[in-house]
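Q: Below is the structure, and that's it, no one-letter string:
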């Protein structure tokens, strides 16, 4: 059994970042379907390499 501390604890900011990533992924594939091969790979790479990991690893600072 996994402890509560072992699980991903995603907050509101994490879900917002994941939603932004999903929208950008959809936009990237739509742009790719329009044969715009200069922009779409950069957009998709940025989403997969930067935004999604950031969304999963970001932890908000606890309020004191």
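A: Received, thanks. Note that the coordinates shown come from a computational prediction; the quantities given were computed from them, not determined experimentally. Residues are numbered from 1 along each chain as shown.
Q: The lengthiest helix in the chain packs against which elements?
A: For the chain, the longest helix by residue count, based on DSSP state H, is helix 12-33. Contacting helix 12-33 under the criterion 3 or more CB pairs under 8 Å, 6 or more residues apart in numbering; DSSP states H and E are the following elements: helix 40-46, helix 52-57. Yep, even glycine has a C-beta here, placed from its N, CA and C like the rest.
Q: residue closest to the middle of this protein?
A: residue 52 (2.6 Å; CA atoms, centre = their mean).
Q: Would you mind confirming that it is in contact with residue 20?
A: No - the pair residue 52 / residue 20 is not scored as a contact, 9.9 Å apart, by CB atoms under 8 Å.
Q: so where's this structure uncertain?
A: Within the chain, the ranges that satisfy pLDDT under 70 run 1-6, 64.
Q: Give me the neighbour count for residue 47.
A: 20 (other CB atoms under 10 Å).
Q: just to revisit the earlier point, I'd like the distance from the residue nearest to the centre of the chain to residue 37, if you could.
A: With distances taken as CB to CB, to the nearest Å, residue 52 is found 22 Å from residue 37.
Q: List the residues that contact the residue nearest to the centre of the chain.
A: 18, 21 (CB atoms under 8 Å, 6 or more residues apart in numbering).
Q: now swap in residue 31 and tell me
A: 39-40, 43.
Q: Residue 11 reaches residue 63, doesn't it?
A: No - using CB under 8 Å, residue 11 is not in contact with residue 63; the gap is 11.8 Å.
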